[in-house]
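Asker: need a structure here:
(one chain, ligands or ions: 2)
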Amino acid sequence: MPICEKCKNFVRKVYDCEHTNDEEYCVECYMELHYYINEDPNKASED
Ligand SMILES: [Zn+2]
Ligand SMILES: [Zn+2]
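Answerer: Ligands and ions are numbered 1, 2, ... in the order given. Below you'll find the model as predicted:
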């Protein structure tokens with residue numbers, strides 16, 4: 001199970017983009033990050 005680099009919790013799925021500095025974030029941290037930078041995280045591509 002992956003770990004969120006920000007809150008250090010085990011999560012089912014992690015997300016990253018250019019804003020996370022190559023770290024993997026849980027959905028809560030990822031959404032929070034994008035809330036502050038005012039970018040829509042839904043347009044980040046999943047691979
Ligand atoms: Zn997190
Ligand atoms: Zn982003």
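Asker: okay, CA-based contacts and neighbour counts for the rest of this
Answerer: Will do.
Asker: near ligand 1, which residues of the chain are found?
Answerer: Contact residues (Cα under 5 Å from the ion) of the chain with ligand 1: 4, 7, 26, 29.
Asker: what subset of those is buried?
Answerer: Neighbour-count burial (16 or more other Cα atoms under 10 Å) applied to the residues of the chain next to ligand 1 gives 4, 26, 29.
Asker: okay, those residues in a markdown table with secondary structure, distance to residue 13 and pLDDT next?
Answerer: Formatted as a markdown table, these follow (DSSP: H, G, I helix; E, B strand; the rest coil; distance: Cα to Cα, whole Å; pLDDT from 0 to 100):
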| residue | secondary structure | distance to residue 13 | pLDDT |
| --- | --- | --- | --- |
| 4 | coil | 9 | 98 |
| 26 | coil | 7 | 97 |
| 29 | helix | 12 | 97 |
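Asker: ok, back up a step: nearest to ligand 2 among the residues of the chain next to ligand 1?
Answerer: Nearest to ligand 2, judged by Cα to the ion, of those is residue 29 at 11.5 Å.
Asker: test my guess that that closest one contacts residue 6.
Answerer: Yes. Contact criterion Cα atoms under 8 Å: residue 29 and residue 6 qualify, at 6.9 Å.
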